[in-house]
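>>> Pasted the sequence and its predicted model underneath.
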Amino acid sequence: MFKRVLIANRGEIALRIMRACREMGVETVCVYSTADKDAPYLKLADRAICIGPGPSKESYLNISRILSAAEVADVDAIHPGYGFLSERPDFSQACRDCKIEFIGPSPEAMSALGDKVECKRTAKANGVPVFPGSPDAIEDEEEAVRIANEIGYPVIIKASAGGGGRGMKVCHNEVSLRSMLRVASQEAAAAFGNGAVFIEKYLEKARHVEIQMLGDKHGNAVYLWERDCSLQRRHQKVIEEAPAPNIDRAKLQKVAESAAKMIKSVKYAGAATCEFLLDEKGDFYMLEVNTRVQVEHPVTELITGIDIVKMSIAIAAGEKIPYKQSDIKINGHAIECRICAEDPAQGFRPSAGKIATWEPPGGPGVRMDTHVVSGYVVPPNYDSMVAKLIVHADTRELALDRAARALREFNVGPIKTTIPLHQRLVENTDFRKGGVDIHYLERLLK
């Protein structure tokens, strides 16, 4: 096992990794920007090192500064968390060049699965269901039109190298496709440094179901079942739950087995998530593979009893996955609400500033993953998420009731948060029935 790990991230995931390391007897070094210099979680690290000013490019996205901190602190490994550098093959390679273990996949495995076009090829070769569309990045406009005519409109343009909705355009006809190709490519180049785009068939009504995977350096791979992340706004997840309600378990298991075969084929070591869209017929189509720990990993931890963060660290240290697939069972139901410092009543306007009142909920089956305490100042520089409220119960109905109760207890001020939106959603009749599609929330908000 490692002696000392550097955490190349901030906020709740930095604290989550820190706690896992502490329980494993591993020392932690936490880097921070000047915008986070007063963050209370830094006091829990064995050492904290400032790596630059508030802007991410000068701190959390600056590979040389992070590696300099790692060398000064003499760490064995670096955990990237999620976001920032977590899915950058060049960062994984830089760690390797510096003889520092990257807690995540190798640069080769990350490249094979992180690039959507290459990932699609690998998926098809291993029997994972994929969307009909372009087999490679689109070279010219006429090629795009030909493929779109073959698969039928609507189609969606996607960035090969990215996610989060950037470089993504839905086109319902040829005129729209021709006009949007250049726009999507420019967006992708600006966001990811890679303007390559491809097109796929677009589903007007679909659910977002993802499968949690673990692979190790000994050729083993298992799946930890699925999560439903269909409640989204602008391609950003709002509520996640596990297991997915009203789903064909036999179809799911077949898809999960093919996904495990896929990550095994690229010698993947660490946590990965295979994301799918589920159409109205109950058929799966792979979207992408996230080559890192997901924000919503706690719901899977609660229904399986497996600590995904600890497992990622142990796998990076060379340990085998200690579970057979048959050992991994589903226990109850878990729901996660992403609490963000935004005002839903004002178009989700960001609400940075000092939190004077912070009274989180508790009680049976309630887990709070957060770095916030009373007096914390939410900086304007980063993602607006301030907490993840996760509940677990024997059934989905009881979990929804527990989430409603916990949200009523959650008192935050004077900043605005998305707590009122979550209160509305967990009481929503359609959501309680299970199986809402990815556009449901946006229709509801209109």
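Yes, it's here.
>>> List the contacts of residue 280.
205, 206 (Cβ atoms under 8 Å, 6 or more residues apart in numbering). For every residue, glycine as well, the C-beta is placed using N, CA and C.
>>> quick one: it from residue 438, how far?
The gap separating residue 280 from residue 438 is 12 Å, by Cβ to Cβ, to the nearest Å.
>>> what's the overlap in contacts for the two?
residue 206.
>>> In the strand or helix carrying residue 31, which residues are buried?
Element membership for residue 31, per DSSP states H and E: strand 27-33. By neighbour count on 16 or more other Cβ atoms under 10 Å, the buried set for strand 27-33 is 27, 28, 29, 30, 31, 32, 33.
>>> Tell me which strands that strand pairs with, and in which orientation.
Strand 27-33 sits in its sheet next to strand 4-7 (parallel), strand 47-52 (parallel), going by DSSP bridges.
>>> Tabulate the ones you listed (a markdown table), appending mean pLDDT.
Formatted as a markdown table, the entries for the strands paired with strand 27-33 read as follows, by pLDDT from 0 to 100:
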| stretch | mean pLDDT |
| --- | --- |
| strand 4-7 | 98 |
| strand 47-52 | 98 |
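>>> Out of those, which is closest to residue 129?
Closest approach to residue 129 among the strands paired with strand 27-33 (Cβ to Cβ): strand 4-7, 36.2 Å.
>>> Quick check: next helix or strand after the closest one?
Assigned by DSSP H and E, the successor of strand 4-7 is helix 11-23.
>>> That following helix packs against which elements?
Judged by 3 or more Cβ pairs under 8 Å, 6 or more residues apart in numbering; DSSP states H and E, helix 11-23 is in contact with strand 4-7, strand 27-33, helix 308-316, strand 366-370, strand 385-393.
>>> List the buried residues for the next helix-or-strand element following the last one?
Using DSSP H and E, the helix or strand that follows strand 385-393 in sequence is helix 396-409. Buried residues in helix 396-409, defined by neighbour count with 16+ other Cβ under 10 Å: 396, 399, 400, 401, 402, 403, 406, 407.
>>> just checking, what packs against helix 396-409?
Using 3+ Cβ pairs under 8 Å, 6+ apart: helix 396-409 touches strand 333-340, strand 385-393, helix 419-426.
>>> Could you check the angle that helix makes with strand 333-340?
30 degrees (axes from the mean of the first three to the mean of the last three Cα atoms, to 10 degrees).
>>> Tell me who's in contact with residue 291.
86, 87, 104, 105, 109, 110, 113, 114, 268, 270, 272 are the contacts of residue 291 under Cβ under 8 Å, 6+ apart.
>>> Least confident of the residues you listed?
Across the contacts of residue 291, the member with the lowest pLDDT is residue 114, scoring 85.
>>> got the phi/psi numbers for that residue?
Main-chain dihedrals, residue 114, degrees, to the nearest 10: phi -80, psi -30.
>>> got any ranges where the protein has weak pLDDT?
Within the chain, the ranges that satisfy pLDDT under 70 run 162-165.
>>> Domain-wise, how is it divided?
Here the domain parsing of the chain from automatic domain parsing is 4-103, 130-201, 207-445.
>>> follow-up on the earlier one: tell me which of the helices and strands packed on helix 11-23 sits nearest to residue 149.
The nearest among these, by Cβ to Cβ, is strand 385-393 at 41.2 Å.
>>> The closest one pairs with which strands?
Sheet pairing for strand 385-393, using DSSP bridges, gives strand 333-340 (antiparallel), strand 366-370 (antiparallel).
>>> of those strands, which approaches residue 422 most closely?
Nearest of the strands paired with strand 385-393 to residue 422, taken as Cβ to Cβ: strand 333-340 at 4.4 Å.
>>> deepest of the helices and strands packed on helix 11-23, which one?
Most buried of the helices and strands packed on helix 11-23 by mean neighbour count (mean count of other Cβ atoms under 10 Å) is strand 4-7; its value is a mean of 26.
>>> Is the residue positioned nearest the centre of the chain within a helix or a strand, and which one?
What sits nearest the mean C-alpha location of the chain, by Cα atoms, centre = their mean, is residue 294, with 3.4 Å. For residue 294, there is no enclosing helix or strand under DSSP H and E.
>>> thinking again about what came up before, contacts for the strand holding residue 31?
With Cβ under 8 Å, 6+ apart, strand 27-33 has contacts from 3-8, 10, 14, 17-18, 21-22, 39, 41-42, 45-56, 58-60, 65-66, 69-70, 73, 75, 381.
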